[in-house]
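1. A structural model of the following input is requested.
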Amino acid sequence: MSPVAAVLSSKDAEHILEFVLVPIHDRRHADWHSYELHMMNPQSGARWSLVSGEQRILFLDKVYDPEVPAICAGLKRAIEGGEPFTFTPVDERDFHLDITADSDGLCVRLQFDFRPAPSEFGWPDGVVVSKADADQFVESLEAAFRQLETSTA
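-> All right, here's what the predicted structure looks like:
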């Protein structure tokens, strides 16, 4: 099974976020998915990423308190009712995601703890995304999660 991704773009199309779910084939980690986060600036082509390495594996719980569905549920509450949402992975707290209502949609802030991204990528300071784009991101992330669950079951 290959990694599967969901993509979110800022309303002004100056910032892109790619959330990639990666299967873990090691049976010792059967209760987890791995992931990658990529912040991209389409104007400059610059990219800032949080990825697993030899000494550090990024984990999201998929069994006891499934984190991808929790992210999707929090985003839905923000989209539908303007409810603020904050998320940090339970394992190593490698990133912080904060979502608040904005008059033009949602303000999404994302920062990596291990390798903080500079402000030029927008997400650390917060970018505005449309509710429609956020809803499409949720649908894509849910589909990616289901696809990974089906293939690793």
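2. pairing partners for residue 20 in the sheet, please.
-> For residue 20, the beta-bridge partners under DSSP bridges are residue 5, residue 36.
3. same question for the host helix or strand of residue 138, mean pLDDT?
-> Per DSSP states H and E, residue 138 falls inside helix 131-152. Helix 131-152 shows a mean pLDDT of 90.
4. and it, what other elements does it pack with?
-> strand 4-9, strand 16-22, helix 67-81, strand 105-112 (3 or more C-beta pairs under 8 Å, 6 or more residues apart in numbering; DSSP states H and E). Just so you know, the C-beta spots here come from the backbone N, C-alpha and C atoms, and that holds for glycine as well.
5. now do the helix or strand just after the longest one: everything it contacts.
-> As assigned by DSSP H and E, the chain's next helix or strand after helix 67-81 is strand 85-87. With contact meaning C-beta atoms under 8 Å, 6 or more residues apart in numbering, strand 85-87 is reached by 67, 70, 71, 74, 75, 77, 78, 96, 97, 98, 99.
6. 10 Å instead?
-> Residues from elsewhere that reach strand 85-87 (C-beta atoms under 10 Å, 6 or more residues apart in numbering): 67, 70-71, 73-79, 95-100, 106, 108-110.
7. and the next element down the chain from it?
-> Scanning forward in sequence from strand 85-87 by DSSP H and E, the next helix or strand is strand 95-102.
8. now do that following strand and helix 131-152, the angle between them.
-> Orientation check (axes from the mean of the first three to the mean of the last three C-alpha atoms, to 10 degrees): strand 95-102 against helix 131-152 gives 150 degrees.
9. begin at 12 from now on, thanks
-> Sure, I'll start counting at 12 from here, so that last one is strand 106-113.
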